[in-house]
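*Asks:* Just a sequence and a predicted model for now, questions to come.
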Amino acid sequence: MPAVFSIFLRQYLLLTTLLLLACENSTPPPKALSVAELLGGTPAAGFQTANEIIPFQFPRDHGPHPEFRNEWWYITGNLHTAEGRQFGYQVTFFRIGLMPPSKALALNSNWNQHTLWMAHIALTDVAERQHYAAEKFSRGAPGMAGAIGSPLQVWLDDWRLVSSKGDFPWRISVKGEDFGLQISVEASKPMVLQGEQGLSRKSARPGNASYYYSYPRMRSHGTLRVKDSQYSVSGLSWFDREWSTSALDDKQIGWDWFSLQLHDGSELMYYQIRNSDGSTHKNSQGKWIDPLGKSTTISASDIELEPQAVWQSTDGRDYPTQWALKDKRGHHWTIIAPVKDQLMNTTVQYWEGTVDVVDQETQKIIGRGYLEMTGY
């Protein structure tokens, strides 16, 4: 990982470029940063940091937190047709504060450029071994991009995650050149507060943490388009919500994040933070969620992850697309990406895609989920 000052400088230059291009509706800016660099780094003066456990308030906390520098609304899912054709999808909205609210208010203009919005969408067609992705950028100006807690509305241009009734169902409407989604999602299990009652510490340094909650199992149905073909689909989705100002330490280079939905009604979320020397950081953690919705914290000592196969991108980066997982509950699984190339070849680059969970003893698929890998 580059020096902290270098990361901050590159982040500032990239965000300035993104804003100018977004304002001019120009072509996407050049690729420059990883997710870890964009959302990590040191605290910025004037922004709040996640230091202590707080009482979450809903639906307020579904909405934006401009007093923090970064936040995202993130939903992934595995969908299938009545005939069993499988698709994976991702929809993510990022809000990135360029200055704290106190400074922004001093500008006294609805058009001041103090917030950047970025959105990523993706679709994996498993049968065709194809992965499609698209991105958009905007400043946080009236009508262009934003978020509201009640009723839930998150949008960037015509890409939207909304609730018309103030609660479930939520509706996703996004479209790219080669694909599009019109999906309705509804929670079938209670919300889970990740970390310590929603405070997810990434290191021992105060403030290197996020506020983090999830809906780990959401019934989903709707339609999707792949080029000129339309499909009616149903399945399960996973919703993640985080906000923070500084999340990674200097020697932390990235993470491997697993959200797994098992056929027996249970779920596993675990993120492995990787250090620059290749070791796993002790603050790596997650949750085991039983079929009734009761969650148990998982620490780095409770789980073993070992890459078994890699896929190499055109720029020479090796992404593990098959993992062996063992945990203290006695689970021995293989987590396999059915499509190896699910690289988000966007301005901020990372690997994100659908995975199968295979029991090592029976060799049967016992669940599906999503895997995100950054910092490679």
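*Replies:* Alright, I've got the coordinates.
*Asks:* low pLDDT regions in the stretch 51-200 of the chain?
*Replies:* 104-113 (pLDDT under 70).
*Asks:* can you give me the helices in it?
*Replies:* For the stretch 51-200 of the chain, the helices defined by DSSP state H, counting those that start in this stretch cover 101-107.
*Asks:* pretty sure residue 269 contacts residue 216?
*Replies:* Yes: at 6.8 Å, residue 269 counts as touching residue 216 under the criterion of CB atoms under 8 Å. Where you see a C-beta, it was placed from the backbone N, CA and C, and this is true even at glycine.
*Asks:* Which residues are in contact with each of those two?
*Replies:* With contacts taken as CB atoms under 8 Å, 6 or more residues apart in numbering, the residues that reach both residue 269 and residue 216 are 192, 259, 289.
*Asks:* And the pLDDT at residue 206?
*Replies:* As predicted, residue 206 sits at a pLDDT of 86.
*Asks:* If you count surrounding residues, which of residue 269 and residue 216 has more?
*Replies:* residue 216 (27 against 24; other CB atoms under 10 Å).
*Asks:* Pick out the residue nearest the middle of this protein.
*Replies:* Closest to where the C-alpha atoms of the chain average out (CA atoms, centre = their mean) is residue 74, at 4.6 Å.
*Asks:* which residues touch that one?
*Replies:* Residues near residue 74 by CB under 8 Å, 6+ apart: 90, 91, 92, 93, 239, 240, 241, 242.
*Asks:* on contacts alone, who are the packing partners of the strand or helix carrying residue 240?
*Replies:* Take DSSP states H and E as the rule and residue 240 turns out to sit in strand 229-244. Judged by 3 or more CB pairs under 8 Å, 6 or more residues apart in numbering; DSSP states H and E, strand 229-244 is in contact with strand 70-80, strand 179-187, strand 209-226, strand 252-262, strand 365-373.
*Asks:* Can you lay out those strands as JSON lines showing distance to residue 145?
*Replies:* Below are those laid out as JSON lines (distance: least, CB to CB, whole Å):
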{"stretch": "strand 70-80", "distance to residue 145": "12"}
{"stretch": "strand 179-187", "distance to residue 145": "18"}
{"stretch": "strand 209-226", "distance to residue 145": "21"}
{"stretch": "strand 252-262", "distance to residue 145": "25"}
{"stretch": "strand 365-373", "distance to residue 145": "23"}
